[in-house]
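Trainee: Pasting a predicted model and its sequence here:
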Amino acid sequence: MLRIYYKQAIEMLKQNKFISAIAVIGTALAIMMIMAIIVSDNIKIISLGAEPNRYRTYYVTRAVERDTVKGSWGSGLVSYERYRDYLADLQTPEYTTVTSWSSVSVSREGHSETLNLGMRTTGADYWKIYSFRFVEGKPWGEEEVQSGVKQVILSESTAREVFKGEKALGQEVLLNSVPYHVVAIVEDVSKIYDMANSDLWIPYSSIDGYQQRGVGTLLYILKNNEDLPALDREIREAEKRYDAQHENKVLTFRGPAKHADYRLSEQASENERAIEIIRVARRKSLFIFLILLLVPAINLSGLSLSRMRKRTEEIGVRKAFGAKRHVILIQVLFENLITSLLGGVIGLLLSYGIIYRMKHWLLGVSEDSFIPFNALISWPVLLSVVVVCILLNLLSAGIPAYRASRMNIVNSLTQNDK
Amino acid sequence: MIRHICKIIWNERKANGWILVEFIVVFCILWFCCDYLSYIVRSNSEPVGFDIDHTYQIQMSRKTQYEPQEGEETDHNALIQTFVNRVKQYPGVENIAFSNAAAPYLGSLSRSSMQYLPDSIWIGARIRYVTSEFFDVFKMKLESGRIFNWEDKAESWNVIVSGNRNGCFEYTDEDKKKMELPLSKMKAFYNDYEKREYPIIGVVNPTKEGSYSYYDPGIYYPLSQVDLNDEIVIRVSPHADKDFAERFTKEMREQLDLGPYFLSSVISLQKRKEMILNYSGITGNLNSIYAISSFLVINIFLGLIGTFWYRVQSRRSEIGTRISMGASKKNVKRMLFGETLILLFIASFVAVNICLNIAQTDFLEAIGLPESQRDYIGAGIEQDFINYFVTYLFLAVVSLFAVWYPARQAVSVPPAEALREE
């Protein structure tokens, strides 16, 4: 049965090439826009490659301290002391670590050339939760972090740039004029992995005076996501412990936020405001999806209705020979689905083109950064193409199909549908 | 003619309904896109107040480990003097200024309230600490009075001010109403905390925080104690501007290794501006608006072309009759165009009402869509008319393009053939 529908649908498409082309282009355009958003959002949150644990990573980004007497408040990165005293030894997470990013000037003793590069400070467990490919050497452990040794891990391209083909491992580099020992080389990490990507990495404790500074973003990796309430409870208890020890102070840690939300929540000054910001962002994407679906749907509905009118005779004959309403309904929907799927495939391919050309805008990474292939094509992406196609199909062909199925046999045979 | 067309539209209401709904939705969205874009265009056309062409920021950093070597200069003022001399001697450097929370696009700002005695009101303003060269580096215009001189730095408490769009300071009165106070009327501020008067010695042109911000009244204090941690900005002569940052960094790195400080970077303020623009989300907003607008326009185009194609096909006999009764091809085309424009007009009427009502609410804010800031650009009700005409014209052009092809098809059929089809 479906084969006949399929054949008929293809025939229909061929019969009026002009209108078919318009319908397919309209669908492809809608799917292209929607998929460009879905795919780029998916790249931002997918657990893959260098960051395989995003789905169970929770972030604490800032600490906000309010003075209840003066009424003033200060916000900033979580300081090392607060991290050590209140947040480093929570029971719930499987791993706890910290990282921060800054730029640094890199040079070598006896060479005049200086490079400005990105530098990440890390704790010891950082190397367990992110998956790096080590070309040579190995990362630091807890002991090295405790002792504050000046060690640095370089990415392959950094090593090439700084050492110009010499062997980098075991050599010394100057980071802001302080000598560091190269202990390992890792393969470059794509910029879509915002927490793993960097040009070089050092232990956070290797910076002088780190005890007085912000330690960066805290990362908690849970064994499974059901532990989140427990983690939240522990962090809130830590806040209470702090308030009890510091008179007239109320401390709030921003988090735990999941990967999809932590950047948004960073902007807010209070936890409630962070929730609101995330809510607004959700509403915004919902609204945009609605527009991207509805406008083409209205468009295509008009087209299908006109097309149906041309086929009233055929539908009348089929009904006269006993075709049930739902059969007509399904047939029309199915025919339309062929168009939608055709448009869907074209749209998906176009959306990859768009993401590739506009990665700075859509992904927030620089134009020269590469995107791993498997981040683009994944099961959620393919599934969502199908879902969007079906949705668009129902929206655009639903009313015409319903109307076609309800047509009066006599009227449709005499073409009196008005 | 118009009555006739209206009748046709009514008779074809089933198919027209879809077009009408689509027109309304698209008109509404394009209206808000137009609103936002005109805010961008209008605020872009107004000067920021700082000329940042050929200006650079020099960033010095402190070494983490530093012990003075023997015979090295440790006197602070001498160090600053050496720094200024060396930078000024570099070919192409025209001027150098130090400032605090003052230079545009560097991301640091400070606001405060000052008391104005005669009326004893509190005036909020942007506070900047600058050396007198600051005004030259950014080519600011002195509107009245004078710039700081050497004595201002040392002793007096003189300040320079700049106003808002209307050359005024702003304050809120007891009823929380926004009031304005013309700069020309003012002689001095009074600081209650320090019990001291701050005479106003000069007025410079109004400035904005960035292109898309509002004219914020400002107070400039002389920067008395200069430090290498301050904002350091230089103006470079235009012919020396090419690759200046790289050249300067490379050639001056050793010369500017001064005591505990080293040269960490040289960035053009244009680049700083781009960075701030990216961060502010305006670039992203504009990209989204262009993307959504083109998407909608293409959709309207496709929808109209498809619908009119069918319509013209099913009305071939009607069109044949018209032509055989003496209507010229031009007339028939004009009728189809008229139909489109009247449809669009009906839709625009409904859409404007929706838009004006939405603009009254917090709807855009609630769903996080970019909003135009009318008070930033001093726009009033005329903006609504601009939006209406721009949107209508734009959609009309696109629609006529879309109807043109089916209309040509319709009139190209010989009337005899069209009539025989019946």
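Mentor: Received, thanks.

Trainee: give me phi/psi at residue B:291?
Mentor: phi -60, psi -50 (degrees, to the nearest 10).

Trainee: Any figure for the gap between it and residue B:345?
Mentor: Using Cβ to Cβ, to the nearest Å, residue B:291 is found at 28 Å from residue B:345. Heads up, the C-betas are built off the backbone N, CA and C, glycines and all.

Trainee: can you give me the strands for chain B?
Mentor: Per DSSP state E, chain B carries strands over the ranges B:55-62, B:93-100, B:111-116, B:121-130, B:142-145, B:159-162, B:168-172, B:178-182, B:188-191, B:196-204, B:218-222, B:231-236, B:261-268.

Trainee: actually chain A, sorry about that
Mentor: Under DSSP E, chain A gives strands at A:57-60, A:63-67, A:73-76, A:78-79, A:95-107, A:114-122, A:134-137, A:151-155, A:172-175, A:178-186, A:200-203, A:214-221, A:249-253, A:257-258.

Trainee: coming back round to it: looking at residue B:291 and residue B:345, which one has more neighbours?
Mentor: Higher neighbour count among residue B:291 and residue B:345: residue B:291, with 17 against 12, using other Cβ atoms under 10 Å in any protein chain shown.

Trainee: Around chain A, which positions in the stretch 151-300 of chain B sit nearby?
Mentor: With Cβ under 8 Å from any Cβ of the partner chain as the criterion, the stretch 151-300 of chain B comes near chain A at residues B:249, B:253-254, B:262, B:264-265, B:283-284, B:287, B:291-292, B:295-296, B:298-299.

Trainee: For residue B:17, grab the count of nearby residues.
Mentor: 14.

Trainee: distance of it from chain A?
Mentor: As judged by Cβ to the nearest Cβ, to the nearest Å, residue B:17 and chain A stand 8 Å apart.

Trainee: What of residue B:144?
Mentor: From residue B:144 to chain A the distance is 38 Å (Cβ to the nearest Cβ).

Trainee: That residue against residue B:202, yeah?
Mentor: Yes: taking contacts as Cβ atoms under 8 Å, residue B:144 lies within contact range of residue B:202: 6.8 Å.

Trainee: higher neighbour count, these two?
Mentor: residue B:202 (18 against 11).

Trainee: Where does pLDDT dip in chain B?
Mentor: B:64-74, B:118-119, B:151-155, B:192-193, B:418-419, B:421-422 (pLDDT under 70).

Trainee: any idea where the helices of it begin and end?
Mentor: For chain B, helices defined by DSSP state H occupy the ranges B:2-11, B:13-45, B:76-89, B:133-137, B:150-154, B:244-252, B:269-280, B:282-314, B:316-324, B:329-360, B:363-366, B:374-377, B:382-412, B:415-420.

Trainee: before we move on, back to that, which among the strands of chain B is found nearest to residue A:401?
Mentor: strand B:178-182 (57.3 Å; Cβ to Cβ).

Trainee: contacts for that closest one?
Mentor: B:116, B:119, B:121, B:123, B:163-164, B:166-173 (Cβ atoms under 8 Å, 6 or more residues apart in numbering or on different chains).

Trainee: Quick one: buried ones out of the residues you listed?
Mentor: Neighbour counting with 16 or more other Cβ atoms under 10 Å in any protein chain shown marks B:116, B:121, B:123, B:163, B:164, B:167, B:168, B:169, B:170, B:171 as buried within the contacts of strand B:178-182.

Trainee: residue of the stretch 101-250 of chain A with the smallest distance to chain B?
Mentor: Here the stretch 101-250 of chain A gets closest to chain B at one residue, residue A:208, 4.8 Å apart by Cβ to the nearest Cβ.

Trainee: so what's residue 202 closest to, chain neighbours aside?
Mentor: Picked chain A for this. residue A:152 (5.0 Å; Cβ to Cβ, 6 or more residues apart in numbering or on different chains).

Trainee: you looked at the wrong chain, it should be chain B
Mentor: residue B:145 (3.2 Å).

Trainee: Equivalent analysis for residue B:208, please.
Mentor: Per Cβ to Cβ, 6+ apart, closest to residue B:208 is residue B:48, 5.0 Å.

Trainee: residues near the one you found, how many?
Mentor: When neighbours are counted by other Cβ under 10 Å, residue B:48 comes out with 21.

Trainee: quick one on the thing from earlier: Serialize the strands of chain A to JSON lines and add fields for mean neighbour count and mean pLDDT.
Mentor: JSON lines is the format used below for these (neighbours: other Cβ atoms under 10 Å in any protein chain shown; pLDDT from 0 to 100):
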{"stretch": "strand A:57-60", "mean neighbour count": "23", "mean pLDDT": "90"}
{"stretch": "strand A:63-67", "mean neighbour count": "18", "mean pLDDT": "83"}
{"stretch": "strand A:73-76", "mean neighbour count": "12", "mean pLDDT": "74"}
{"stretch": "strand A:78-79", "mean neighbour count": "20", "mean pLDDT": "87"}
{"stretch": "strand A:95-107", "mean neighbour count": "19", "mean pLDDT": "88"}
{"stretch": "strand A:114-122", "mean neighbour count": "19", "mean pLDDT": "88"}
{"stretch": "strand A:134-137", "mean neighbour count": "15", "mean pLDDT": "90"}
{"stretch": "strand A:151-155", "mean neighbour count": "25", "mean pLDDT": "93"}
{"stretch": "strand A:172-175", "mean neighbour count": "18", "mean pLDDT": "89"}
{"stretch": "strand A:178-186", "mean neighbour count": "19", "mean pLDDT": "91"}
{"stretch": "strand A:200-203", "mean neighbour count": "24", "mean pLDDT": "93"}
{"stretch": "strand A:214-221", "mean neighbour count": "23", "mean pLDDT": "89"}
{"stretch": "strand A:249-253", "mean neighbour count": "18", "mean pLDDT": "87"}
{"stretch": "strand A:257-258", "mean neighbour count": "20", "mean pLDDT": "86"}
